[in-house]
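> prediction below, plus the sequence it came from.
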Amino acid sequence: MKELIIVGSGLAALSCIRYLDAETEVILFTKDELETNNSHLAQGGISYSGKESDREHTEDTYAAGDHLGSKEFISKMIDASFPVIEEMIAGGMNFDRDDSGSLALALEGGHHTPRILHAGGDRSGRRISEFLSEQVEDKNVDAHAGEKVIKVLVENNQAVGVVTLDRSDNQHNYFADAVILATGGYSGLYSVNSGASAEMGSGHILAYDAGVKLRQMEMIQFHPTLLGMNDKTCGLVSEAVRGEGGLLVDAGGRRIMEGVHPLRDLAPRHITSYEIFKRMTCAQQTYLDIRPVKDFRNKFPTIYKNVEKHFGKDLNRGRIPVTAGAHFTVGGAVADIDGSTSVNHLYIIGETANTHFHGANRLASNALLEAVVMGAEAAKKINQSEMTDVHKKVRDMPVLPVYAEDDHRTIKEKAMAAVGIIRSAENLEELLHLIDMRHSKTVTGAVTNRSFQMYSEIKTIEAIAKSALLRTETRGGHFREDFPGNNINDMDTIVSLKDGKMHAQYIERKRENQTILH
């Protein structure tokens, strides 16, 4: 009987569990409660191009990714999504339908044709998560909520288990035939973000410490329409609202996207976010005019209630205050479509992974597609894999650099300006110098929940900054003040662990027929 460890409880994890052989035993860990994940918050839907040619969806994904993705891999991911979504529909997943009873296909930013399936209007993430949760009720899953994985155990380049900490900082060792990391991304690093958890996901750091390379860590998607003012955010306003006619305007009602991009209010997120961010830096508030949206209250009930609660007066005027914030992290641990990595029996799926699917930026509603596909593909690979001979030996308590709270706070404050939407070599170099100075004064010690979180955040900031410094162009979700042009080349930023230190490289993309894992 196979034993599997899964870290994370979002859509990627649920999709994986759904496709595992019935006799597989799963131990699942989440640092929060089981439903505290970004999948449950997802207001947008899932891309479904079953009624159009593959090429159109591939081209939109490639264009939204600022031509940094792999068309071959994008097509592979989209092709794999058809049977997964169709099986969900056949299994009873109730996506929204139009008056004729056909699946209602919506339009969102960056898409040139309607291809988005929603469920319950703006409750898509929750509805799909609930559906998959029901689908896995008969699976053999032992769930550990509030238990944080701090290390993947590796022997002879093979993952054999994990070390965890409970809420009281007690260490536990678990062993399995394979380990899957599905912890989401690292947008929670930023003070203004759309995440569900109070803490950043750490799967990419677990992978890095285990020997897996990180890629495109500088590529972070900033969502243009978080609900709120420049200094106060209260959730997300799905771009589906703009797909239904919502217009981005300034305080005087003037449309801000006119003349900026041919798709205007439905321009890709990085373009829209940059326009809003420029206004944020000048203390100018942006609003979403919802008056053109028919039946906004019933089409977007979750958003409506949230706006009514926090900005009732603005709602009565037919507008919603919005601001830009970190939403999705394109970068992550290098993995293939089935989650396989350079470490045997270590799989990384969903937002934790980087696969060359999103390129430099994510096309709207491709995240849920990626999650369910990678979960399914990982399960199929594991089902066909042989069990491993795991050496179940309790390890000593791991030790990591322990940072002072003041040092951690100082680095994060500097990082918010240096690795945000607008970047420069000067700010990035100052940030990296600050990190180096703090590295030199840290000492190693036993790991606690807090020390691991600080370590993960500082290592993530270092990886982002080193990658961003190498990326001498404006691309994806960020703007380089000192390099405003786009080179349109296939250069990857790669971060790896060498001799106990973080090493970053800017390398030319390997040919499509070569492995992407090493």
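Cool, the structure landed.
> just give the number of residues close to residue 50.
Residue 50: 17 surrounding residues under other CB atoms under 10 Å. From N, CA and C alone the C-beta is placed, and that goes for glycine too.
> isn't it up against residue 82?
Yes. Contact criterion CB atoms under 8 Å: residue 50 and residue 82 qualify, at 5.4 Å.
> pLDDT weak spots in this structure?
In the predicted model, the chain carries pLDDT under 70 at residues 32-44, 51-54, 122, 195-198, 230-232, 390-391, 394-395, 510-518.
> domain parsing of it, as residue ranges.
As assigned by automatic domain parsing, the chain contains the domains 3-216+328-384, 223-326, 399-490.
> contacts only, for residue 244.
Taking CB atoms under 8 Å, 6 or more residues apart in numbering, we find residue 244 in contact with 106, 293, 294, 296, 299.
> residue 300 versus the first one, what's the distance?
If I follow you right, that is residue 106. The gap separating residue 106 from residue 300 is 12 Å, by CB to CB, to the nearest Å.
> give me the common contacts of the two.
Taking CB under 8 Å, 6+ apart as the criterion, residue 106 and residue 300 both touch residue 240.
> so which of these two has more stuff around it?
Higher neighbour count among residue 106 and residue 300: residue 300, with 25 against 20, using other CB under 10 Å.
> my read: that one touches residue 238, true?
Yes. Contact criterion CB under 8 Å: residue 300 and residue 238 qualify, at 7.1 Å.
> so which of the domains of the chain is nearest residue 393?
Closest to residue 393 of the domains of the chain, according to CB to CB: domain 3-216+328-384, at 8.5 Å.
> out of the domains of the chain, which is the most enclosed?
With neighbours taken as mean count of other CB atoms under 10 Å, these reach their highest mean count in domain 3-216+328-384, at a mean of 22.
> in PDB, could you pull the C-alpha coordinates for stretch 369-383?
What follows is stretch 369-383, C-alpha atoms only, in PDB (Å, rounded to 0.1, in the frame of the first residue of the first chain):
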ATOM      1  CA  LEU A 369      -7.000  25.100 -14.700                       C
ATOM      2  CA  GLU A 370      -3.300  24.600 -13.700                       C
ATOM      3  CA  ALA A 371      -4.300  23.400 -10.200                       C
ATOM      4  CA  VAL A 372      -6.700  20.700 -11.300                       C
ATOM      5  CA  VAL A 373      -4.600  19.500 -14.200                       C
ATOM      6  CA  MET A 374      -1.300  19.300 -12.200                       C
ATOM      7  CA  GLY A 375      -3.100  17.600  -9.400                       C
ATOM      8  CA  ALA A 376      -4.600  15.000 -11.700                       C
ATOM      9  CA  GLU A 377      -1.300  14.400 -13.600                       C
ATOM     10  CA  ALA A 378       0.700  14.000 -10.400                       C
ATOM     11  CA  ALA A 379      -1.800  11.400  -9.100                       C
ATOM     12  CA  LYS A 380      -1.600   9.400 -12.400                       C
ATOM     13  CA  LYS A 381       2.200   9.500 -12.200                       C
ATOM     14  CA  ILE A 382       2.200   8.300  -8.600                       C
ATOM     15  CA  ASN A 383      -0.300   5.600  -9.300                       C
END
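> and it, how far out from the chain's middle?
Centroid displacement of stretch 369-383 relative to its chain, using CA atoms, centre = their mean, to the nearest Å, is 16 Å.
> what does stretch 265-285 give?
With CA atoms, centre = their mean as the basis, stretch 265-285 stands 21 Å off its chain's centre.
> circling back to that earlier point, could you export the domains of the chain as CSV, including distance to residue 507?
Output for the domains of the chain, formatted as CSV (distance: least, CB to CB, whole Å):
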stretch, distance to residue 507
domain 3-216+328-384, 10
domain 223-326, 23
domain 399-490, 9
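> all strands of the stretch 301-450 of the chain, in order?
For the stretch 301-450 of the chain, strands defined by DSSP state E, counting those that start in this stretch occupy the ranges 319-329, 332-334, 346-348, 353-354, 399-402, 422-423, 443-446.
> for these, which one sits closest to residue 178?
Checking those against residue 178 by CB to CB gives strand 346-348 as the closest, at 6.4 Å.
> so residue 26 lies in a strand, does it not?
Yes. Judged by DSSP: H, G, I helix; E, B strand; the rest coil, residue 26 forms part of a strand.
> quick check: closest non-adjacent residue to it.
Distances taken as CB to CB, 6 or more residues apart in numbering place residue 141 nearest to residue 26, at 4.6 Å, with adjacent residues excluded.
> for residue 221, same thing?
Counting by CB to CB, 6+ apart, residue 221 lies nearest to residue 328, which is 4.1 Å off, once chain neighbours are set aside.
> residue 286 too?
Residue 286's closest residue in space is residue 276 (CB to CB, 6+ apart), at 4.9 Å.
> isn't that neighbour up against residue 325?
No. Contact between residue 276 and residue 325 fails when scored by CB under 8 Å: they sit 9.8 Å apart.
> quick one on the thing from earlier: want to throw the contacts of residue 244 into JSON lines with secondary structure and distance to residue 435?
JSON lines is the format used below for the contacts of residue 244 (DSSP: H, G, I helix; E, B strand; the rest coil; distance: CB to CB, whole Å):
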{"residue": "106", "secondary structure": "strand", "distance to residue 435": "43"}
{"residue": "293", "secondary structure": "coil", "distance to residue 435": "45"}
{"residue": "294", "secondary structure": "coil", "distance to residue 435": "50"}
{"residue": "296", "secondary structure": "helix", "distance to residue 435": "45"}
{"residue": "299", "secondary structure": "helix", "distance to residue 435": "46"}
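> between which two of those is the distance greatest?
106 and 296 (14.2 Å).
> now what about stretch 407-425, what contacts it?
Applying CB under 8 Å, 6+ apart, the external contacts of stretch 407-425 come out as 189-191, 218, 220, 222, 273-274, 277, 281, 324, 427-428, 430-431, 434-435, 438, 441-442, 454, 457-458, 461, 464-465, 468-469, 477-482.
> coming back round to it: distance to residue 228 for the strands of the stretch 301-450 of the chain - can I get that in JSON lines?
Shown next, in JSON lines, are those (distance: least, CB to CB, whole Å):
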{"stretch": "strand 319-329", "distance to residue 228": "5"}
{"stretch": "strand 332-334", "distance to residue 228": "27"}
{"stretch": "strand 346-348", "distance to residue 228": "32"}
{"stretch": "strand 353-354", "distance to residue 228": "29"}
{"stretch": "strand 399-402", "distance to residue 228": "35"}
{"stretch": "strand 422-423", "distance to residue 228": "20"}
{"stretch": "strand 443-446", "distance to residue 228": "38"}
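> between these, which one is closest to residue 371.
Evaluated over the strands of the stretch 301-450 of the chain, closeness to residue 371 peaks at strand 353-354, with 10.0 Å, by CB to CB.
> pairing partners for that closest one, with directions?
Partners of strand 353-354 in the sheet, by DSSP bridges, are strand 332-334 (parallel).
> and for residue 24, nearest residue in space, chain neighbours not counted?
Nearest residue to residue 24, sequence neighbours excluded (CB to CB, 6+ apart): residue 2, at 4.7 Å.
> relative to residue 250, how far out is residue 352?
37 Å.
> do residue 262 as well
In this structure, residue 262 and residue 250 are 21 Å apart, going by CB to CB.
> what does residue 205 give?
Remark: distance between residue 205 and residue 250 (CB to CB) = 40 Å.
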